[in-house]
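Participant: return atomic coordinates for the entry below.
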Amino acid sequence: MRALRCVLKTPALWVGLLFAALLVDMQALQPLFAASFPAIEPGVFDRASFIELFLSHLGLVALASIAATIAGVSLAVFVTRPAGRDFRTIANMLATIGQVFPPVAVLALAVPALGFGPRPTIVALFLYGLLPILENAVAGIESVPQALRDAGRGMGLSPYQLLRDVELPLAAPVILAGIRVSVTIGIGTATIGSTVGALTLGTPIFDGLAANKLPYVLQGAVLVALFAIVTDLIFAALTRRLEPSSVK
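Facilitator: Next comes the predicted model:
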């Protein structure tokens, strides 16, 4: 019973339930939108189901985030090794360029090469999400105490075993924090993919802006915000689980 009460007090649960309810049955709010915006028909976006929009949005963010995580952590490992320290400035510069370029500019440059659809969006999300992961991964690996590294070497661990069994586990909370920032930013940024033909939760927003239908803008914006909040709360819970017990 105590465990059930703890679960019911979890903010992620209630926000997640609200998010799921709106995805599944936004039409239940049709009377509210009809009363608030009588001149707009239909009051609820119906070009595609919100579940379809969410799954497409989720897929874009997931693909870009997985690619950015693999690239960011791999680069961090490389530049924190003796053989790669000279390349650290270059790696940071390249990641910073990807962050500085607005996603809209990346889309504009990617569309001629990749065409309309989800691919330019994935490229933009990848470049935009790489820097937080790289920076946190480098910080996390470098924060591992030298005494622990020396102890691992003294136990006969190879460089690979030292990385796998000592450095990455201890750096995991910091790395996850970078992934959390990257994914949360990606969820909001992915909405602009609808401007180049990708199906996202931003589709109702841009359709609503184009047709002057405020309810569509509100519906898309609320769902994107709830999606980001739920994701951030899930990452916060995962981060707490990875922290050493002395820190919790």
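Participant: do you know how far the closest residue to Leu75 other than its chain neighbours is from Asp232?
Facilitator: Computed as Cβ to Cβ, 6 or more residues apart in numbering, the closest residue to Leu75 that is not its neighbour in sequence is Ala91, at 5.0 Å. Using the backbone N, CA and C atoms, a C-beta is placed for each residue, glycine as well. From Ala91 across to Asp232, the span is 27 Å (Cβ to Cβ, to the nearest Å).
Participant: and for Glu135?
Facilitator: With distances taken as Cβ to Cβ, Glu135 is found 18 Å from Asp232.
Participant: do Leu157 as well
Facilitator: 36 Å.
Participant: do the same with Phe45
Facilitator: Taking Cβ to Cβ, one finds Phe45 at 25 Å from Asp232.
Participant: out of those two, which sits in the more crowded spot?
Facilitator: The neighbour comparison of Phe45 against Asp232 (other Cβ atoms under 10 Å) goes to Phe45, with 24 against 17.
Participant: tell me the secondary structure at the more buried one.
Facilitator: Recorded secondary structure, Phe45: coil (DSSP: H, G, I helix; E, B strand; the rest coil).
Participant: one more: Ala198?
Facilitator: Three-state call for Ala198 (three-state DSSP): coil.
Participant: might one say that it is in contact with Gly117?
Facilitator: Yes - the pair Ala198 and Gly117 passes the contact test of Cβ atoms under 8 Å, sitting 6.1 Å apart.
Participant: now do the buried residues in stretch 49-61.
Facilitator: 50, 53-54, 56-61 (16 or more other Cβ atoms under 10 Å).
Participant: again but with stretch 207-226, I slipped
Facilitator: By neighbour count with 16+ other Cβ under 10 Å, stretch 207-226 contains the buried residues 207-208, 213, 215-224, 226.
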